[in-house]
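# Sequence first, predicted coordinates after that:
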Amino acid sequence: MIPARFFSLCLQLFLSGFFKSWSRDRQVSAPFFFELTGCLSSGKTKVTSNQLVTRVVIMESQVNRTRDAEATKARILEAARGVFAAKGYNAARVDEIVALARVNKRMVYHYYGSKEGLYLAVLEDSFSRIFSLSREALAGKGDVLSRARAVITQYFYFLAANPDVVRLIGWETLQGCRHARRVLPDILSAGLEDLEKVLRQGVQEGIFRKDVDIRRLVISVSGLCLNYFSRREMLHFLWSRDILHPEMLQEHLEHVLDLVFYGILSPGVSLEVKHTGAEDQTED
């Protein structure tokens, strides 16, 4: 027979390796493991193999429920984004959202409280994604000019890849931003703070003009980028090509970058690096 102490040590080693691999793609904290193995190393507690198996099953069940809950919330959020973008808040129906998300209707109210709560979550997630990209670009490598250019590039291509967000912004504008004003101020405040730091650095280095108003600059950049996509159907007659064709996107991005930077650069400063949409998009 295998001595109980030897078996306990072997089982602890096994569980240690099992825990590392088992928790790699799960949100499991160390206390789970210590709770399970602590009983083996303690001389005061005796645990049978059946009890250990039961504990593992319980842990797996708890993690699966957490993982399933996050996946369910994500499906509801994505389905809601599409429905709200297509129909607006007033015409959107929860029944259609749950059908697309393949979930029970009660899950919407369980996770988001109400239709309005779900809509606010969609707006918050959409705006947060925009400013997260800006934060990543500002924290990237390169000089002030390169990072500022990367912010506009990231925003431009985000809008190109997320037409639902473009439509959501349009709906909110039509409805007086009565919902966006409840989630946007905090997100925008944090984003402006990051942009102001880069702008101040550029001013100190003599790259940007001292009289640039960051808030007016954000409005101008947003308008130049957003209108290109929100007015897509109205602009088709201006060109024979699809305005979402990669070459068209690159050309318009270069146009936006030239307008913005030649408007805020200090006298005598020029754009030394010729920018292209493809290079800027993968720069960071």
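Yes, it's here.

# now E254: how far from R149?
Using C-beta to C-beta, to the nearest Å, one gets 11 Å for the distance from E254 to R149. Bear in mind the C-beta positions are built from the backbone N, C-alpha and C, glycine included.

# for this structure, what helix or strand is lowest in average pLDDT?
helix 277-282 (a mean of 41; mean pLDDT, DSSP states H and E).

# Of E254 and R149, which one has the most company?
It is R149, of E254 and R149, that has more neighbours when counted by other C-beta atoms under 10 Å, with 22 against 15.

# any idea which helix or strand comes after the helix or strand harbouring the more buried one?
R149 is part of helix 144-161, with elements assigned from DSSP states H and E. Under the assignment DSSP H and E, the closest C-terminal helix or strand after helix 144-161 is helix 163-174.

# what does that following helix rub up against?
With contacts defined as C-beta atoms under 8 Å, 6 or more residues apart in numbering, helix 163-174 is touched by 81-82, 84-86, 88-89, 122-123, 126, 129-130, 158-159, 179-180, 226, 229-230.

# If you average the pLDDT over that helix, what comes out?
Helix 163-174 comes out with an average pLDDT of 95.

# So what's the gap between that helix and the chain middle?
17 Å (C-alpha atoms, centre = their mean, to the nearest Å).

# before we move on, what about stretch 203-220?
27 Å.

# One more: stretch 132-140?
Centre-to-centre, stretch 132-140 and its host chain are 12 Å apart (C-alpha atoms, centre = their mean).

# now do stretch 142-149
22 Å.

# residue ranges with poor pLDDT in the stretch 151-284 of the chain?
Low-confidence segments of the stretch 151-284 of the chain, defined by pLDDT under 70, are located at 272-284.

# Now do the helices in it.
Secondary structure of the stretch 151-284 of the chain (DSSP state H, counting those that start in this stretch): helices located at 163-174, 180-204, 214-230, 232-235, 246-264, 277-282.

# what helices or strands is the second one leaning on?
Counting contacts by 3 or more C-beta pairs under 8 Å, 6 or more residues apart in numbering; DSSP states H and E, helix 180-204 is packed against helix 115-138, helix 144-161, helix 214-230.

# Outside of that helix itself, list whatever touches it.
Here helix 180-204 has contacts from 120, 123-124, 127-128, 131, 134-135, 138, 144-145, 147-148, 151, 172, 177, 208-210, 212, 214-215, 217-218, using C-beta under 8 Å, 6+ apart.

# And those, which of them are buried?
Among the contacts of helix 180-204, the ones that count as buried by 16 or more other C-beta atoms under 10 Å are 120, 123-124, 127, 131, 134-135, 138, 144-145, 147-148, 151, 172, 208, 217.

# Out of those, which two are the most distant from each other?
Longest distance between any two of those is 36.7 Å, between L120 and L145; criterion C-beta to C-beta.

# Count the neighbours of K141 for me.
Neighbour count of K141, defined by other C-beta under 10 Å: 9.

# tell me the SS of it?
At K141, secondary structure determined by DSSP: H, G, I helix; E, B strand; the rest coil is coil.

# and the gap between it and R135?
From K141 across to R135, the span is 14 Å (C-beta to C-beta).

# what does S220 give?
According to C-beta to C-beta, S220 and R135 sit 20 Å apart.

# now A161
Here A161 is placed at a distance of 18 Å from R135 (C-beta to C-beta).

# L253 now?
From L253 across to R135, the span is 20 Å (C-beta to C-beta).

# Quick check, R81 in contact with E124.
No: checked against C-beta atoms under 8 Å, the pair R81 and E124 is beyond contact range at 11.4 Å.

# Just the local confidence number for C39, please.
C39 carries a pLDDT value of 51.

# Equivalent analysis for F34, please.
For F34, pLDDT reads 47.

# In contact with A101, which residues are there?
Neighbour list for A101: 72, 75-76, 78-80 [criterion: C-beta under 8 Å, 6+ apart].

# Tell me the spatial nearest neighbour of it, not counting adjacent residues.
A79 (3.9 Å; C-beta to C-beta, 6 or more residues apart in numbering).

# How many residues are close by that neighbour?
Each residue near A79 was counted by other C-beta under 10 Å, and the total is 21.

# Before I go, just wanted to say thanks for your time.
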